[in-house]
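> output the structure for:
(one chain, ligands or ions: 1)
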Amino acid sequence: MKILITGGAGFIGSHVADACIREGHEVIIVDNLRTGYERNLNPNARFVKMDICAPELRNLIAEEQPDIVDHHAAQISVPLSIKDPLTDAEINVKGLINLLEACAQNRVKKVVYISSGGAMYGEAEEYPTTETCNPRPLSVYGINKMAGEDYLYFYQQQYGLDYTVLRYANVYGPRQVSHGEAGVVSIFTEMLLQGKTPTLNAYPDEPDGMIRDYVFVKDVVQANLLAFSTGNGEAFNIGTCIPTTTRRLYDEISAQLGISREPLKGEAREGDLRRSMLNIEKAKAGLGWQPSYSLKQGIAQVIEYYKDFLGDQI
Ligand SMILES: NC(=O)c1ccc[n+]([C@@H]2O[C@H](COP(=O)([O-])OP(=O)(O)OC[C@H]3O[C@@H](n4cnc5c(N)ncnc54)[C@H](O)[C@@H]3O)[C@@H](O)[C@H]2O)c1
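Purely as a prediction, here's the structure:
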């Protein structure tokens, strides 16, 4: 199949591109390198440096006629979405509409849309959270991811454009940048390897930090591959359903590195949810997907990656 991946120079999208190429698919990557890197690009993919908001995107899709569009490009910072809601809407709403218009006009068979199983549910009433839980986003990023899902439904109803939504928990793995907003595994690993002391952000009444559902990027990639041919018109949580506090995460990384150093204490950031954990029964039944990497195994791969990436700096 011909697969067009937006955001394929970024952390997760680049792993999806690698897997698609391994599976023998033809891959086109569209990315404006806002937060992505050329070093992540698979040399066997065709790379088009382009903004998803650009009118030229429609010409590209008309020329390439991809079978599947896997949409990972996004503004991903929750705090930035609160400080600058217009930029978030520009990329995460207007960019999506631009893409969906092009897909509908060119009879793309399916769009895989990446949503958020943390930011969209907000402080969920149901825990672990299922897909039917009433979304109550506490950030502009979460609101716009939710709006994105509604746009997909509309384009399916109006134009017959098929889709599957994947609502990711907290994804971690090699290539996640340590200066981003969602990369606590990378931040802790890089700082500890460099001999620095990371800060553990927490609410005062919960000193072990927030509860998150950490899912390894290779498991997330598998969910994308399955979504190409299953789960039509549905949304699926992609997580592990295992709760992990920031402290537990810190302890696992430092133990694997053989370091015993207390983290510094910091305050929770704007928009930080206290807890987030996803029920994944629907993905098991509907996509035939389930995570296979434990936190220990995933962290071991992140450490290997960072040792290699940092090289002489450690
Ligand atoms: N990392 C997580 O834990 C997580 C959790 C939930 C959902 N997601 C979603 O997964 C997707 C990928 O996230 P990631 O963590 O790999 O982030 P990332 O920043 O590494 O990847 C995003 C990519 O999109 C590109 N991009 C941004 N704006 C663009 C634009 N206007 N035009 C073209 N390309 C543009 C960036 O350059 C980057 O390569 C996003 O949709 C994000 O919202 C991620």
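
> do you know the pLDDT at His179?
Per-residue pLDDT puts His179 at 76.

> just give the nearest non-adjacent residue to His108, would you?
Actually, residue 108 is Val rather than His. Val69 (5.4 Å; CB to CB, 6 or more residues apart in numbering). Heads up, the C-betas are built off the backbone N, CA and C, glycines and all.

> that's a strand at that neighbour, yeah?
Yes. Under DSSP: H, G, I helix; E, B strand; the rest coil, Val69 sits within a strand.

> which helix or strand contains Met191?
Assessed by DSSP states H and E, Met191 sits inside helix 184-193.

> next helix or strand past that helix?
Counting by DSSP H and E, what follows helix 184-193 is strand 199-202.

> parallel or antiparallel, which strands does that next one pair with?
Looking at strand 199-202 with DSSP bridges, its partner strands are strand 264-267 (parallel).

> can you name every helix or strand that the helix or strand that the partner strand is followed by contacts?
Once the chain leaves strand 264-267, the next helix or strand it forms, by DSSP H and E, is helix 281-286. When contacts are defined as 3 or more CB pairs under 8 Å, 6 or more residues apart in numbering; DSSP states H and E, helix 281-286 packs onto strand 234-238.

> name the surrounding residues that touch the strand it packs on.
115, 117, 129-131, 149, 164-169, 215, 219-220, 223, 227, 278-280, 282-283, 286-287, 289 (CB atoms under 8 Å, 6 or more residues apart in numbering).

> among those, which are in reach of the ligand?
Under the cut-off given by CB under 6 Å from any ligand atom, the ligand has Tyr168 from the contacts of strand 234-238 close to it.

> list only buried entries from the contacts of strand 234-238.
Neighbour counting with 16 or more other CB atoms under 10 Å marks 115, 117, 129, 131, 149, 164-169, 215, 219-220, 223, 227, 278-280, 282-283, 286-287, 289 as buried within the contacts of strand 234-238.

> inside strands: which ones of those?
Here DSSP state E is the test, and the buried ones among the contacts of strand 234-238 give Ser115, Thr164, Val165, Leu166, Arg167, Tyr168, Val215 as lying in strands.

> for the stretch 151-300 of the chain, give me the ranges with low pLDDT.
Where the stretch 151-300 of the chain drops to pLDDT under 70, the residues are 180-182, 271.

> name the helices or strands packed onto the helix ranked longest in the chain?
Secondary structure assigned by DSSP state H gives helix 140-159 as the longest helix of the chain. Under the contact criterion of 3+ CB pairs under 8 Å, 6+ apart, helix 140-159 touches helix 78-83, helix 85-89, helix 95-105, strand 110-116, strand 162-168.

> write out the residues of the stretch 1-150 of the chain neighbouring the ligand.
Within reach of the ligand by CB under 6 Å from any ligand atom, the stretch 1-150 of the chain has these residues: 6-7, 9-13, 31-36, 51-53, 72-76, 91, 95, 114, 116.
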